[in-house]
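Peer 1: got a structure for you, letters missing:
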């Protein structure tokens, strides 16, 4: 499936971070930053969401996204540590959930039979602006 790393690489990355399928993982990140020419802070949120979805796809059972991100957490004076953490690697043994992803062919066949929503910003949809990280 396009956009998803090979399962072996994904599992090695997850296991290298010390995550098991039973870990509780909270994904956080910065949700502030440049807002021009388009709301780039929203792309950070999209990246955070992508990480959470990828973990769920890989079989991690308990994944959450930090409400309003790291910046709000700090702004509210909640505890933060700057001590580096070295995770203890594990052999990750999850099972991918193939039902979470569909192919372009699947979408093509669903046209006219399903509601398909394109959630891109209008300027991206109309090819006025290219999303960060998009390559031709």
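Peer 2: Arrived safely. Because the structure is predicted, anything quoted here is derived from the model rather than measured.
Peer 1: any chance you could map the helices in the protein?
Peer 2: Ranges of helices in the chain, per DSSP state H, are 7-16, 40-57, 69-75, 104-110, 122-125.
Peer 1: now the angle between helix 40-57 and the first one, please.
Peer 2: Helix 7-16 runs at 100 degrees relative to helix 40-57, counting by axes from the mean of the first three to the mean of the last three Cα atoms, to 10 degrees.
Peer 1: Identify all contacting residues around helix 7-16.
Peer 2: Contacts made with helix 7-16 from outside it, assessed by Cβ atoms under 8 Å, 6 or more residues apart in numbering, are listed as 4-5, 54-55, 58, 60, 87, 89-94, 96. No exception for glycine: its C-beta is placed from N, CA and C like everyone else's.
Peer 1: May I see those organised as JSON lines, with neighbour count added?
Peer 2: Listed next are these as JSON lines, based on neighbours: other Cβ atoms under 10 Å:
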{"residue": "4", "neighbour count": "14"}
{"residue": "5", "neighbour count": "12"}
{"residue": "54", "neighbour count": "19"}
{"residue": "55", "neighbour count": "22"}
{"residue": "58", "neighbour count": "23"}
{"residue": "60", "neighbour count": "20"}
{"residue": "87", "neighbour count": "10"}
{"residue": "89", "neighbour count": "13"}
{"residue": "90", "neighbour count": "14"}
{"residue": "91", "neighbour count": "8"}
{"residue": "92", "neighbour count": "21"}
{"residue": "93", "neighbour count": "10"}
{"residue": "94", "neighbour count": "21"}
{"residue": "96", "neighbour count": "16"}
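Peer 1: ok, of these, which one's closest to residue 20?
Peer 2: Proximity of the contacts of helix 7-16 to residue 20 (Cβ to Cβ) peaks at residue 90, which lies at 5.8 Å.
Peer 1: wait, the closest one sits on residue 19?
Peer 2: Yes: here residue 90 lies in contact with residue 19, judged by Cβ atoms under 8 Å, at a distance of 7.4 Å.
Peer 1: so who does residue 93 touch?
Peer 2: The contact partners of residue 93, by Cβ under 8 Å, 6+ apart, come to 11, 20-21.
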